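**Student:** Turn this into a structure:
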Amino acid sequence: MKRIRYIIDLIRKIFRSRGVDRPIYFCVIFLSIFGIIMIGSASVGSTAKYGANYAIMNMTKQALFVLFGLAIMIFFTRCFKKSWINEYSTWILYLIGFVLLLVCLFFDDVNGSKAWIHIGSFTIQSSEFMKIILILFLSYHFGEIEEYCVIPKNISTEKRHNMYLRKIWYCIIRPIIACVAVFGVVGLLQSDLGSALIIAFICMGLFYVTPRPFYRKFKKVVSILLVAACVVFAFLAGFVLKSHQLARFTTWLNPLGDALGDGYQLVNSMIAFSNGGLFGLGFGSSQQKYGFIPESHNDFIAAIIYEELGLVGFLMFLIPYCIIIYRLFQYGLKMKDTKSKLILYGVGLYFFAHLIINVGGVSGFIPMTGVPLLLISYGGSSLWASMIGLGICQSIIAKYNRDLLKAQIE
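**Tutor:** Next comes the predicted model:
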């Protein structure tokens, strides 16, 4: 009994930090534990192939990933400072992340994608960390650096024009080149279309939500170019996309057209959703995890959750997800400085994109692109990246709440 009390007191001390958003902490812990349990259940279907201890092994690994991830999140919550995000740090982080993306190309592909660095039995998906790096990178370029690039009024027209062009370079062109380079490496060289789409969504989202007046007319231009790019892509998709990427679109349009081939996973995933109903077949009772959905503890874990726990189980992770996203956007609206606002928005968009693309893909509402369900799917890279992002956000939220309390007292 004393040991239990000691553990509870220790957990309280660890998560006791003035000003942090406790609902976010609760949702993270709940989703992480829920993920460990469901990974164990989903892995049972592969024990015949990988051995009787496969489920226990995956649960143990994921538990270790979670513990290390929580330590990382707490570190950033307590130690992160906005001053860390500056001209030098953002470019250093960007270059490190970009090099790691290129390093992936020297390793063997997994399911047609060269998105992982293999170190023995351990793998690192560098694109997951690059998503967080780009959020920090763009929060500085779309926020703080634009505030510094003030053009004086009492100067000549020529100097004003030159300074305006320089401002466009630093605040518009340079960030776009950096984002397009990452998108090209991830989408074209690594053939990881899911991560590339999420990166594009986050970058475009941060560009559109930045409140700085300087960007208003550029948003209109980018909107026109974006529509034109989508039209061109629709016509050239057959030439640009690789065969396995193109198959995901054709399978989405007609999953039964090749039910035993490219549409095999999607068809069986849809069967899992149809089996679930309101309360599901019961925990551990999934039928589709027994060879019908390969690697069901990864990207397709939402289908197993729905089949076993039904709509109720689906809401068990959907509601905490929505709480995290809502709280991040809510605090983002309250922030006065643009850099903090964009970091909170960026991490919120990161969680939103993963939720929509993963659940939408495995349920057949959108083409399947293969991205993990953050905090729930098996793996350390996405888990650690998401916890780093949340730790940074908690640090910003805590400082905001402490400053607000201090102002109320004074």
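
**Student:** Who are the packing partners of the one helix or strand S195 maps to?
**Tutor:** Using DSSP states H and E, S195 sits within helix 193-209. Applying 3 or more C-beta pairs under 8 Å, 6 or more residues apart in numbering; DSSP states H and E, we find helix 193-209 packed against helix 126-139, helix 174-184, helix 216-240, helix 338-363. Placement of C-beta: from N, CA and C, glycine included.

**Student:** let's see it at 7 Å
**Tutor:** The contact analysis (3 or more C-beta pairs under 7 Å, 6 or more residues apart in numbering; DSSP states H and E) places helix 193-209 against helix 126-139, helix 174-184, helix 338-363.

**Student:** what's in contact with that helix?
**Tutor:** 115, 127, 131, 134-135, 138, 142, 179, 182-183, 186-187, 219, 222, 245, 342, 345-346, 349-350, 353-354, 357, 369-371 (C-beta atoms under 7 Å, 6 or more residues apart in numbering).

**Student:** again with stretch 175-183
**Tutor:** Residues outside stretch 175-183 that contact it (C-beta under 7 Å, 6+ apart): 94, 98, 101, 130, 134, 137-138, 141-142, 196, 199-200, 203.

**Student:** Likewise for stretch 284-298?
**Tutor:** 39, 41-45, 58, 265, 268-269, 271-272, 275, 300, 303-304, 307-308, 372, 377-379.

**Student:** One more: stretch 24-38?
**Tutor:** Applying C-beta under 7 Å, 6+ apart, the set of residues contacting stretch 24-38 is 15, 59, 62-63, 66, 301, 304-305, 316-317, 320, 323-324, 327, 375-376, 390, 394.

**Student:** Sort out which of those are buried, if you could.
**Tutor:** 15, 59, 62-63, 66, 301, 304-305, 317, 320, 323-324, 327, 375-376, 390, 394 (16 or more other C-beta atoms under 10 Å).

**Student:** hmm, back to that, so which of the helices and strands packed on helix 193-209 gets nearest P211?
**Tutor:** Set against P211 and scored by C-beta to C-beta, these come closest in helix 338-363, at 6.4 Å.

**Student:** same for that closest one, what does it pack against?
**Tutor:** helix 126-139, helix 193-209, helix 301-334, helix 381-409.

**Student:** tell me which residues in the second one are buried?
**Tutor:** The one in question is helix 193-209. Of the residues in helix 193-209, 193-207, 209 count as buried by neighbour count, 16+ other C-beta under 10 Å.

**Student:** ok and that helix relative to helix 381-409, angle-wise?
**Tutor:** 20 degrees (axes from the mean of the first three to the mean of the last three C-alpha atoms, to 10 degrees).

**Student:** same thing with the third one?
**Tutor:** Here helix 301-334 runs at 30 degrees with respect to helix 381-409, directions being taken by the same axes, to 10 degrees.

**Student:** Let's test this: mean pLDDT of helix 301-334, rounded?
**Tutor:** Throughout helix 301-334, pLDDT has a mean value of 93.

**Student:** nearest residue to G40 other than its sequence neighbours?
**Tutor:** M59 (4.1 Å; C-beta to C-beta, 6 or more residues apart in numbering).

**Student:** correct me, but the one you found touches V44?
**Tutor:** No - at 10.4 Å, M59 does not count as touching V44 under the criterion of C-beta atoms under 7 Å.

**Student:** and N58, what does it touch?
**Tutor:** Contact analysis of N58 by C-beta under 7 Å, 6+ apart lists I39, G40, S43, H297, Y378.

**Student:** tell me, how many neighbours does N162 end up with?
**Tutor:** The local packing of N162 (other C-beta atoms under 10 Å) involves 13 other residues.

**Student:** In space, not sequence, find me the middle residue of this structure.
**Tutor:** When C-alpha atoms, centre = their mean is applied to the chain, the residue found nearest the centroid is Y350 (4.0 Å).

**Student:** contacting residues around that residue?
**Tutor:** Contacts of Y350 (C-beta under 7 Å, 6+ apart): K131, I135, I202, G389.

**Student:** mind redoing it with 10 Å?
**Tutor:** Contacts for Y350 were tallied using C-beta atoms under 10 Å, 6 or more residues apart in numbering; they are 128, 131-132, 134-135, 198-199, 201-202, 205, 325, 328, 374, 385-386, 389-390.

**Student:** quick one: it from G313, how far?
**Tutor:** Distance from Y350 to G313, counting by C-beta to C-beta, to the nearest Å: 24 Å.

**Student:** just L100 next, same as before
**Tutor:** In terms of C-beta to C-beta, L100 sits 36 Å off from G313.

**Student:** Looking at those two, which one has more neighbours?
**Tutor:** Neighbour totals were compared for L100 and G313, and G313 leads with 22 against 17 (other C-beta under 10 Å).

**Student:** I'd like the distance between Y331 and G348.
**Tutor:** With C-beta to C-beta as the criterion, Y331 and G348 are 9 Å apart.

**Student:** no no, I85
**Tutor:** From I85 to G348 the distance is 17 Å (C-beta to C-beta).

**Student:** more crowded one of the two?
**Tutor:** Of the pair I85 and G348, G348 is the one with more neighbours under other C-beta under 10 Å, namely 25 against 21.

**Student:** from the contacts of helix 193-209, which would you call buried?
**Tutor:** 115, 127, 131, 134-135, 138, 142, 179, 182-183, 186-187, 222, 245, 342, 345-346, 349-350, 353-354, 357, 369-371.
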